[in-house]
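*Asks:* Got a predicted model here, sequence first, then my questions.
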Amino acid sequence: MPLEPLVCADTTTRVSSVLNRDVKQFGKKHMFDTSEETCWNSDQGTCQWVTLDFPHPVKVSQLHIQFQGGFSSRLCTLEGCRAGEELVKISELYPQDNNAMQISFAKVLDKLKITFESSTDFFGRIVVYHLGVLGEKL
């Protein structure tokens, strides 16, 4: 079965912070708009994160994250769960500090949390141009 994008208009997305609270210019929606000109830019601080609450169960097969070089995460922790359950650790990723796509794992879930444990930026900022979650809707 071919993989399809799992993030849709009904997916609830939350982020830890937005640079200067400027959601118009740096908000979470920019991770999913497929524009190379826009991005989500976190504010300062360690352990920035993104959560995705899917409207129905999904089987995630690939995770694509495109960081801005110099503003990536050295370690990403992936957690997930089914509806009504607590988040559990799925895996850890060690992304490259560049703007290349990063690809990962396979799991059935309703909620996904990506925690950016440590930034390559001195102030802890994370910049994501693209976040893609691919798999199957169940």
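*Replies:* Looks like it arrived, so ask away. Bear in mind that the values here come from a model prediction, so they are computed numbers and not experimental data. Numbering: from 1, shown residues only.
*Asks:* got a list of contacts for stretch 88-97?
*Replies:* 63, 65, 67, 69-70, 72-81, 102, 104-105, 107, 120 (CB atoms under 8 Å, 6 or more residues apart in numbering). C-beta here means a position set from N, CA and C on the backbone, and glycine is covered the same way.
*Asks:* Type out the ChimeraX command that picks the buried ones from the residues you listed.
*Replies:* Paste this into ChimeraX to select the buried members of the contacts of stretch 88-97, with burial taken from 16 or more other CB atoms under 10 Å:
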select :63,65,67,72,73,76,77,78,79,80,81,102,104,107,120
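*Asks:* Give me the subset of the contacts of stretch 88-97 lying in strands.
*Replies:* Judged by DSSP state E, strands contain the following of those: 63, 65, 67, 73-81, 102, 107.
*Asks:* how about those in CSV, adding pLDDT?
*Replies:* Below are the ones in strands among the contacts of stretch 88-97 laid out as CSV (pLDDT from 0 to 100):
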residue, pLDDT
63, 87
65, 89
67, 91
73, 91
74, 90
75, 91
76, 91
77, 93
78, 93
79, 95
80, 95
81, 96
102, 61
107, 86
